[in-house]
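[1] no sequence on this one, just coordinates:
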């Protein structure tokens with residue numbers, strides 16, 4: 001299991017309750033060029049078991065260590081002065097044939113990442129991705145085929 005670094009967060013006590021202080025965020029697009037995903041898209045999946053996060057910008061699916069994303073976070077995210085990092089500079093790998101992925105999901109045991117692109121679904125081993133192995137699907141299936 002991946003070891004995660006502790007992050008100091010300040011808890012603010014107010015009359016309305018407790019709130020966490022914003023430590024920063026990360027975006028791979030400028031505020032004036034948001035991603036327009038088709039329908040009900042889920043473009044981020046994060047595994048606490050392996051300490052990795054998969055995300056899609058509809059042109060590819062990237063896998064990064066969650067701790068690297070936290071270190072690259074910035075309080076200026078969303079401002080015009082924010083310069084997004086290149087996904088390649090932070091990522092362990094880019095999944096093959098991952099254009100137009102509109103759904104990312106983890107299995108309940110966090111062993112498998114599922115990526116849905118149009119009418120195809122591909123399954124990847126999270127352990128293999130976290131270990132830096134070449135990203136190859138364990139299995140892929142055209143949706144609607146072989147289902148009766």
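    Great, that's in hand. Since this is a predicted model, take the numbers as computed values, not measurements.
[2] Now do the helices in the protein.
    Assigned by DSSP state H, the chain shows helices spanning 66-71, 87-90, 126-130.
[3] So which elements touch the shortest one?
    Packed against helix 87-90, as judged by 3 or more Cβ pairs under 8 Å, 6 or more residues apart in numbering; DSSP states H and E, are the following elements: strand 61-65. C-betas here are computed from N, CA, C, even on glycine.
[4] Within the sheet, what are the partner strands of the strand it packs on, with directions?
    Strand 61-65 has the following sheet partners, assigned by DSSP bridges: strand 52-56 (antiparallel), strand 91-94 (antiparallel).
[5] from the chain's centre, how far out does the last one sit?
    Using Cα atoms, centre = their mean, to the nearest Å, the distance from the centre of strand 91-94 to the centre of the chain it belongs to is 11 Å.
[6] what's next to that strand, contact-wise?
    Contact partners of strand 91-94, identified using Cβ atoms under 8 Å, 6 or more residues apart in numbering, comprise 52, 60-65, 87-88, 129-130, 132, 134-135.
[7] Mind listing what's buried along it?
    For strand 91-94, burial by neighbour count (16 or more other Cβ atoms under 10 Å) applies to 91, 92, 93.
[8] Alright, that wraps it up for me.
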